[in-house]
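# Sequence and predicted structure, then a few things I'm wondering about:
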Amino acid sequence: MCPGSFDPPTLGHLDVIGRAAGLFEQVTVGVLVNPDKRGLFTVDERMHLLAATTGQWPNVTVDSFRGLLVDYCRDNGITAIIKGLRAVSDFDYELQMAQMNTGLTGVDTLFLPTSAEYSFVSSSLVKQVAAYGGDVSSYLPPMVFEALRAKL
Ligand code: PNS
């Protein structure tokens, strides 16, 4: 399971998803439905962008989930959560979540270091820079870049 908000998916996300697809027989990309946070893209839009940009990996499927990630994993027979780590700053919170998730149901989390060229890329930063007219085309799949341009 590669979970996230994916608002929108970046090349950093796809880097982690693609590498997970090479390591595991089956990978689910899970988009969190967060009722407390309205994103720029709807969950359906994010799922559509993810499905289109992960098409080269036949073992990747895209779904959404609400509530606890561990419940989704348990209900779907998923035994590993994959998270990309960009920098040490990601580690504290990711470790906390990983340990909580293992405590809840025993599901394991595996951390993949993101490729160096995407170590500073985040959806929120990309949205902020794009909103002020900055060029974020190197950090997004072309389809996502176009969708972001259309939104803004
Ligand atoms: O892309 P994000 O926003 O960094 O992803 C965070 C996400 C969705 C992986 C995390 O918030 C999550 O797992 N949310 C689901 C609710 C949950 O299980 N919370 C308890 C975590 S210990």
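Nice, thanks for sending it over.

# what are the ranges of the helices in the chain?
11-23, 43-53, 69-75, 88-105, 123-131, 142-151 (DSSP state H).

# Output these in a markdown table; the columns should cover mean pLDDT.
Below are the helices of the chain laid out as a markdown table (pLDDT from 0 to 100):
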| stretch | mean pLDDT |
| --- | --- |
| helix 11-23 | 98 |
| helix 43-53 | 98 |
| helix 69-75 | 98 |
| helix 88-105 | 97 |
| helix 123-131 | 98 |
| helix 142-151 | 97 |
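
# for these, which one sits closest to residue 60?
helix 11-23 (5.2 Å; Cβ to Cβ). For the C-beta atoms, the positions are set from N, CA and C on the backbone; glycine is no exception.

# tell me what that closest one is packed against?
Using 3 or more Cβ pairs under 8 Å, 6 or more residues apart in numbering; DSSP states H and E, the elements in contact with helix 11-23 are strand 2-4, strand 27-32, strand 80-85, strand 108-113.

# Mind putting the ones you listed into a markdown table with mean pLDDT, distance to the ligand and mean neighbour count?
As requested, the helices and strands packed on helix 11-23 are exported to a markdown table (pLDDT from 0 to 100; distance: least, Cβ to the nearest ligand atom, whole Å; neighbours: other Cβ atoms under 10 Å):
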| stretch | mean pLDDT | distance to the ligand | mean neighbour count |
| --- | --- | --- | --- |
| strand 2-4 | 98 | 3 | 22 |
| strand 27-32 | 98 | 4 | 24 |
| strand 80-85 | 98 | 7 | 20 |
| strand 108-113 | 98 | 10 | 15 |
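
# picking that back up, arrange the helices of the chain in CSV, one row each, with mean neighbour count as further columns.
Compiled in CSV, the helices of the chain are given as follows (neighbours: other Cβ atoms under 10 Å):
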stretch, mean neighbour count
helix 11-23, 20
helix 43-53, 19
helix 69-75, 17
helix 88-105, 13
helix 123-131, 16
helix 142-151, 16
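
# closest one to residue 58 among the helices and strands packed on helix 11-23?
strand 27-32 (10.4 Å).
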